[in-house]
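Asks: 3D model of this:
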Amino acid sequence: MNMDGMDMGGMDMGGMNTGTTAMTMAMDMGTTAMTMAMDMGTTAMTMAMDMGATATAVVATSTGMVMGGMDHSGMDMGSGSMSPSATPMAMKMECTMSMLWNWYTDDVCFIAESWKTSTKGIFAGTCIGVFGLLLAINWWRRILSQYKIYCAELRNEEVKEYIASGGTVTERNTSNTHMTPFFKTLKHEWFWRFDKNLCVEVDNKIYIYPSVFEHILYCIGDTMEWSVHHCIMLLFMYFNGYVFISCMIGAGVGFMLFQNKPLEKASGGSKVSKRCCM
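Replies: Residues are numbered from 1 along each chain as shown. As a prediction, this is how the structure comes out:
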């Protein structure tokens, strides 16, 4: 009986040892898993720190290269001036501009960045150039005006000789009362208003017109004048007082020199041809 009891006791102690071993193994596995997780987390943090340190080193290296390429000895931090040895990036300065009335003279850009008054001499040359531009545009206006006058005189002589030789001029009746002026304009009679002799008779008056070549030349000249006028308008939009005064003086002197035209013929003559019509 005692032996049997001892055997049963031994069996119980063996079961307890087995349970203890299982618990120990479970704890060891848990500890191992936690250790692996901690190692993986530490490794990830280390890699992230290494990547951040590498990026910082790259930025620092790039900054050092840029700062190293600049000549700090040629820079006056108090006045903001730079020596000729500075890099092009350091020498590049913004244009001085204002949409309000101003009297700027330094680093003022007109129309394009390349037109920059980096010195007093360049600004003075700009004012002189603007003055000359207004003189030129007044001269060109007079050239176009005289061109049309001379074309009219030539065509007038040709028409007189044609009529004296027995030629007839195409007549056009303007007394059409069955159509309103607006719809009559849409008929474009004014567009094809002359015949091969470049003239037409309307209400006993003969109107003469330039040839196609003469008209094309005048169109080219008028386009040039239009373009220069808009460049002058762009210069005005900078609201620079010096440029405005240069334009004003140039316009006045140009008009005085080139726009002195006769008002009317002495007696019984027709008015001198204007720029708008022939």
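
Asks: ok, V108 touching E94?
Replies: No. V108 lies out of contact with E94 (Cβ atoms under 8 Å); the separation is 11.1 Å. The C-beta positions use only the backbone N, C-alpha and C, and glycine is treated the same way.

Asks: ok, these two, which is more surrounded?
Replies: Counted by other Cβ atoms under 10 Å, V108 and E94 do not tie: V108 has more neighbours, with 22 against 8.

Asks: show me what the more buried one is bridged to.
Replies: When bridges are called by DSSP bridges, V108 pairs up with T96, T117.

Asks: for it, give its distance to Y150.
Replies: Counting by Cβ to Cβ, to the nearest Å, the gap from V108 to Y150 is 43 Å.

Asks: ditto for H230
Replies: Distance from H230 to Y150, by Cβ to Cβ: 28 Å.

Asks: again with V130
Replies: 31 Å.

Asks: name the residue in these two with the higher neighbour count.
Replies: Set side by side, V130 and Y150 show more neighbours around V130, with 25 against 12, by other Cβ under 10 Å.

Asks: isn't the more buried one right next to L235, touching?
Replies: Yes. At 6.2 Å, V130 and L235 qualify as touching, with contact defined as Cβ under 8 Å.

Asks: common neighbours of the two, please.
Replies: Counting by Cβ atoms under 8 Å, 6 or more residues apart in numbering, the contacts common to V130 and L235 are 243, 247.

Asks: count the residues that sit near A251.
Replies: 17.

Asks: surely it is in a helix?
Replies: Yes. Assignment of A251 by DSSP: H, G, I helix; E, B strand; the rest coil places it within a helix.

Asks: that one against L134, yeah?
Replies: Yes. Counting by Cβ under 8 Å, L134 is a contact partner of A251 at 4.7 Å.

Asks: correct me if wrong, but G167 is in a strand.
Replies: No. Assigned with three-state DSSP, G167 falls outside any strand and is coil.

Asks: quick one, helices of this protein?
Replies: For the chain, applying DSSP state H gives helices covering 2-69, 88-91, 120-164, 181-186, 212-236, 241-258.

Asks: ok, of the ones you listed, where does mean pLDDT dip lowest?
Replies: Mean pLDDT is lowest for helix 88-91 among the helices of the chain, at a mean of 42.

Asks: and L186, how many neighbours?
Replies: 10.

Asks: distance of it relative to T180?
Replies: From L186 over to T180 (counting by Cβ to Cβ), the distance is 10 Å.

Asks: ok, A251 next?
Replies: Distance from A251 to T180, by Cβ to Cβ: 42 Å.

Asks: what does M224 give?
Replies: 38 Å.

Asks: look at those two and report which has more neighbours.
Replies: Using other Cβ under 10 Å, the more surrounded residue of M224 and T180 is M224, with 13 against 9.

Asks: so the more buried one touches W140, yeah?
Replies: Yes. Between M224 and W140 there is a contact under Cβ under 8 Å: 7.0 Å.

Asks: contacts only, for the closest residue to C127 other than its chain neighbours.
Replies: The shortest distance from C127 to any non-neighbouring residue, by Cβ to Cβ, 6 or more residues apart in numbering, is to S246 (4.3 Å). Counting by Cβ under 8 Å, 6+ apart, S246 touches 127-128, 130-131, 134.

Asks: ditto for E214
Replies: Counting by Cβ under 8 Å, 6+ apart, E214 makes contact with C151.

Asks: swap in 10 Å and give it another go.
Replies: Listed by Cβ atoms under 10 Å, 6 or more residues apart in numbering, the contact partners of E214 are 147-148, 150-151, 154-155, 198, 278.

Asks: between those, which is closest to G241?
Replies: Nearest to G241 among the contacts of E214: Y147, at 36.3 Å, using Cβ to Cβ.

Asks: how far away is the closest residue to that closest one other than its chain neighbours from S165?
Replies: Nearest residue to Y147, sequence neighbours excluded (Cβ to Cβ, 6+ apart): Y218, at 6.5 Å. To S165, Y218 is 28 Å away according to Cβ to Cβ.
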